[in-house]
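A.B. asks: sequence first, then the predicted structure:
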Amino acid sequence: MAIRALIIDDSSVMRKIVERSLRQAGIDLSEVFQAGNGAEALGVLKESVVDLILCDINMPVMDGLEFIKQLPGVENAKNVPVVMITTEGSEAHVVQALSCGARGYIRKPFTPEQVKEHVIPVLAGKS
Amino acid sequence: MKSASAMMAASGNHENWIPLIDTAAREVFELMLSSQLTLPTDSQEKPLDVTAMVGLAGQLCGVLSVRCTGKAAAMMASKMLGMDLDKVGPEISDALGEVCNMIAGNFKNKVSGLSEGCMLSPPTVVTGSDYSLHSMSDSPGLEVRLLFEGMPLNISLQIHS
């Protein structure tokens, strides 16, 4: 089944890498939305419906943790799974992200295999 | 109370971090660019005219920088994006900044206790080689010299405890 993904990262290069990794992981993407920070992403979600969100943590304007805290207030997206993709690798960051509602956590640098390993179970509702 | 890492940062005993910087860089290039960094066989005098910097603040304060030639930076963008070398343009600075960011993040995740107590700034990229960097560092910087696709890649960590 083709899915609609929203990729949030302040680096446009990283957004392209994440999209390519999803495709290399065999995930069929019907549409890909992009945002440079959490606030932009909330704006995208007011007008678009997505099935999966991949989100960095350290971003200007609104970081990834604040974004997922605000996500339940967005009618279009309150049940959309979020996977964090970030350089922040501490256990404390992982626990904080998961407690805020993230369903997966990928540390940069990463391989397409790692993306597949973390995203497929989330899409299957097993995580 | 300061952690062991913070005390080590304050003591100026950082030489044992050089292999961690080296490993952090090699992992980033292997995983994100499918490229093996190698050791230089002689001292190369090519001007390194692109510099990416990421600030560290918290238990460890300092700047991690990655310096290379413009051609090497373009090659990084090409490999990261799977694009032809002659097609990359505005992505070059962004790509080098992300490489620097990932090396800094990967390095701090390898130092016990530093991962949680040290924040990274967004990367800054400077082009051109005619400049001097004046760091508030209170200890000698750590430097790792490697080759990326045969081109020099210098990674340095200036520490201000």
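C.D. replies: Received, thanks. Numbers count the residues shown, from 1 in each chain, chains lettered A, B, ... in the order given.

A.B. asks: in the chain, where is pLDDT below threshold?
C.D. replies: No chain specified, so I'll use chain A. Of all residues in chain A, those with pLDDT under 70 make up the ranges A:126-127.

A.B. asks: that's the other chain; I wanted chain B
C.D. replies: Looking at chain B by pLDDT under 70, you get B:1-12, B:44, B:136-138, B:161.

A.B. asks: ok, the closest residue to chain A within it - how many residues close by?
C.D. replies: Nearest residue of chain B to chain A, counting by CB to the nearest CB: residue B:105, 2.7 Å away. In short, each C-beta sits where N, CA and C put it, glycine included. Counted with other CB atoms under 10 Å in any protein chain shown, residues neighbouring residue B:105 total 26.

A.B. asks: can you classify it as helix, strand or coil?
C.D. replies: The three-state assignment at residue B:105 reads helix, by DSSP: H, G, I helix; E, B strand; the rest coil.

A.B. asks: excluding its backbone neighbours, what's nearest it?
C.D. replies: Nearest non-adjacent residue to residue B:105, counting by CB to CB, 6 or more residues apart in numbering or on different chains: residue A:87, 2.7 Å away.

A.B. asks: equivalent analysis for residue A:111, please.
C.D. replies: Using CB to CB, 6+ apart, the closest residue to residue A:111 is residue B:31 (5.4 Å).

A.B. asks: ok so that neighbour is a helix residue?
C.D. replies: Yes - under three-state DSSP, residue B:31 sits within a helix.

A.B. asks: residue closest to the middle of chain A?
C.D. replies: For chain A, the residue sitting closest to the mean C-alpha position, by CA atoms, centre = their mean, is residue A:54 at 1.2 Å.

A.B. asks: so what's residue A:122 up against?
C.D. replies: If a contact means CB atoms under 8 Å, 6 or more residues apart in numbering or on different chains, then residue A:122 has A:52, A:81, A:83, A:103-104 as its contacts.

A.B. asks: what's the helix or strand for it?
C.D. replies: Here residue A:122 sits within helix A:112-123, counting by DSSP states H and E.

A.B. asks: distance from the chain centre to that helix, please.
C.D. replies: The chain centroid and the centroid of helix A:112-123 are separated by 12 Å, computed with CA atoms, centre = their mean, to the nearest Å.

A.B. asks: related to what we said a few turns ago, output the helix or strand encompassing the residue nearest to the centre of chain A as PDB, restricted to C-alpha atoms.
C.D. replies: Using DSSP H and E, residue A:54 maps to strand A:52-55. The C-alpha atoms that make up strand A:52-55 are tabulated as PDB, following Å, rounded to 0.1, in the frame of the first residue of the first chain:
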ATOM      1  CA  LEU A  52       3.800   8.600   8.600                       C
ATOM      2  CA  ILE A  53       6.000  11.400  10.000                       C
ATOM      3  CA  LEU A  54       9.800  11.300  10.300                       C
ATOM      4  CA  CYS A  55      11.100  14.100  12.400                       C
END
